[in-house]
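Trainee: Need a 3D model of the following:
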Amino acid sequence: MKLVLHTGVHFTEEDRLVKCLLRNADDFAAKGTLVPGHTRYRGILRETLNAMASAPASEMARDVLMDAILDEGEAQRVILSDANFFRTPKSAFQQGMFYPAAPVRMMRMAQIFEGDDVEIFMGIRNPASLLPILYNKSDNQDVEAFWGGRDPRDVVWSETIGLLREAVPNVPITVWCNEDSPMIWAHIIRQMAGLSDDQKIIGGFDLLSSIMSTEGMKRFRAYLKDHPAMTEHQKRRAIAAFLDKYAIEDEVEEELDMPGWTDDVVEDMSDAYDEDVAVIAAMTGVRVLLP
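Mentor: This is a model prediction of the structure:
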């Protein structure tokens, strides 16, 4: 079975993504892809992974989990989504590293589903905008505990993703930048469901409509109607053009509130993020979805 794990990250568009997947659940099910409601699996899966800290999972663990997930149904592909899979926001960043528990959590997951085809899907976010949120959510705001002596400009996603690859080398990882999500939203959904880009889905512009004015969305949909033969790449270029003119400023601009940070620090972190995405894209077993 193909097991697709959407692992967040926190404070990206994980809730909206789950809702979009569930809106397509019936159509996906007809193609052999199950999108179960999160109440079926989040609690029991979390409990199982936590219990493995003290003892290996039983031989029946997979069967028990699949019974809960499938609920007497059948599927060739199952999509599970939980931003807390690698821990909660309180412990998402420690000692200057994103999700230090991720490699161990994935090793346990791979042990449970040893005979299945597991894949990770993960949206990442500019550390300059994410770290202030995680700092405010952290259960330990001691400078050393949070930063581990690191300069914020040295915090990179490639470290966590590289450790994930070492821990579970047979588990491929698909990554995208949350900042690009409005332009590639439908592509992300289709990739998770194993669909080609020419297959219709519900809610392909859900995220776009939340950050573009009503007038902009009206004109954008009219533009699509007048250009029915556009490729996915052409659609993304059109989205970028319409966003440039009709984006709702309050929805696309972020306020950064971190003591001691200057504009230069934020700019340096953003530049480092761009460079880090290129590093991630060059990793074996990792693909980055781009506009």
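Trainee: which intervals of the protein have sub-threshold pLDDT?
Mentor: 252-253 (pLDDT under 70).
Trainee: Which strand in it has the most residues?
Mentor: Determined from DSSP state E, the single longest strand within the chain is strand 117-124.
Trainee: Which of the residues in that strand are classified as buried?
Mentor: By 16 or more other Cβ atoms under 10 Å, the buried positions in strand 117-124 come out as 118-124. The way it works is simple: take the backbone N, C-alpha and C, and place the C-beta from them, glycine included.
Trainee: any chance of these in JSON lines, plus distance to E47?
Mentor: Below are the buried residues of strand 117-124 laid out as JSON lines (distance: Cβ to Cβ, whole Å):
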{"residue": "V118", "distance to E47": "19"}
{"residue": "E119", "distance to E47": "23"}
{"residue": "I120", "distance to E47": "21"}
{"residue": "F121", "distance to E47": "23"}
{"residue": "M122", "distance to E47": "22"}
{"residue": "G123", "distance to E47": "25"}
{"residue": "I124", "distance to E47": "27"}
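Trainee: Let me know the closest of the residues you listed to R237.
Mentor: G123 (21.2 Å; Cβ to Cβ).
Trainee: Run through the residues that contact I124.
Mentor: I124 sits next to 9, 12, 157, 175-178, 277 when contact means Cβ atoms under 8 Å, 6 or more residues apart in numbering.
Trainee: Can you lay out those as a markdown table showing neighbour count and secondary structure?
Mentor: Shown next, in a markdown table, are the contacts of I124 (neighbours: other Cβ atoms under 10 Å; DSSP: H, G, I helix; E, B strand; the rest coil):
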| residue | neighbour count | secondary structure |
| --- | --- | --- |
| V9 | 23 | coil |
| T12 | 20 | coil |
| W157 | 24 | helix |
| V175 | 20 | strand |
| W176 | 24 | strand |
| C177 | 21 | strand |
| N178 | 19 | helix |
| V277 | 22 | helix |
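Trainee: Please produce CSV containing those, extended by distance to V265.
Mentor: Shown next, in CSV, are those (distance: Cβ to Cβ, whole Å):
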residue, distance to V265
V9, 22
T12, 22
W157, 18
V175, 24
W176, 25
C177, 20
N178, 20
V277, 19
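Trainee: Break down the stretch 1-150 of the chain into its strands, ranges please.
Mentor: Taking DSSP state E, counting those that start in this stretch, the strands of the stretch 1-150 of the chain run over residues 2-6, 33-34, 77-81, 93-94, 97-98, 117-124.
Trainee: To A68, which of these lies closest?
Mentor: Between A68 and the strands of the stretch 1-150 of the chain, the shortest gap by Cβ to Cβ is with strand 77-81, which sits at 11.1 Å.
Trainee: what are the pairing partners of that closest one, and which direction each?
Mentor: In the sheet, strand 77-81 lines up against strand 2-6 (parallel), strand 33-34 (parallel) (DSSP bridges).
Trainee: so how far is it off the chain centroid?
Mentor: Distance of strand 77-81 from the chain centroid (Cα atoms, centre = their mean, to the nearest Å) equals 13 Å.
Trainee: can you pull out the helices in the stretch 101-250 of the chain?
Mentor: Using DSSP state H, counting those that start in this stretch, the helices of the stretch 101-250 of the chain run over residues 102-112, 127-137, 143-147, 157-167, 181-193, 206-211, 214-226, 232-246, 249-252.
Trainee: most neighbours per residue, which of the ones you listed?
Mentor: Ranked by mean neighbour count under mean count of other Cβ atoms under 10 Å, the helices of the stretch 101-250 of the chain are led by helix 181-193, which reaches a mean of 22.
Trainee: So which other helices or strands are in contact with it?
Mentor: helix 14-23, strand 77-81, strand 117-124, strand 173-177, helix 206-211, helix 232-246, strand 286-289 (3 or more Cβ pairs under 8 Å, 6 or more residues apart in numbering; DSSP states H and E).
Trainee: looking at the strands paired with strand 77-81, which is closest to P228?
Mentor: Proximity to P228 (Cβ to Cβ) singles out strand 33-34 among the strands paired with strand 77-81, at 26.6 Å.
Trainee: With distance to H227 as extra columns, can I get the strands of the stretch 1-150 of the chain in CSV?
Mentor: CSV is the format used below for the strands of the stretch 1-150 of the chain (distance: least, Cβ to Cβ, whole Å):
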stretch, distance to H227
strand 2-6, 31
strand 33-34, 30
strand 77-81, 31
strand 93-94, 43
strand 97-98, 40
strand 117-124, 28
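Trainee: Many thanks, I have nothing further to ask.
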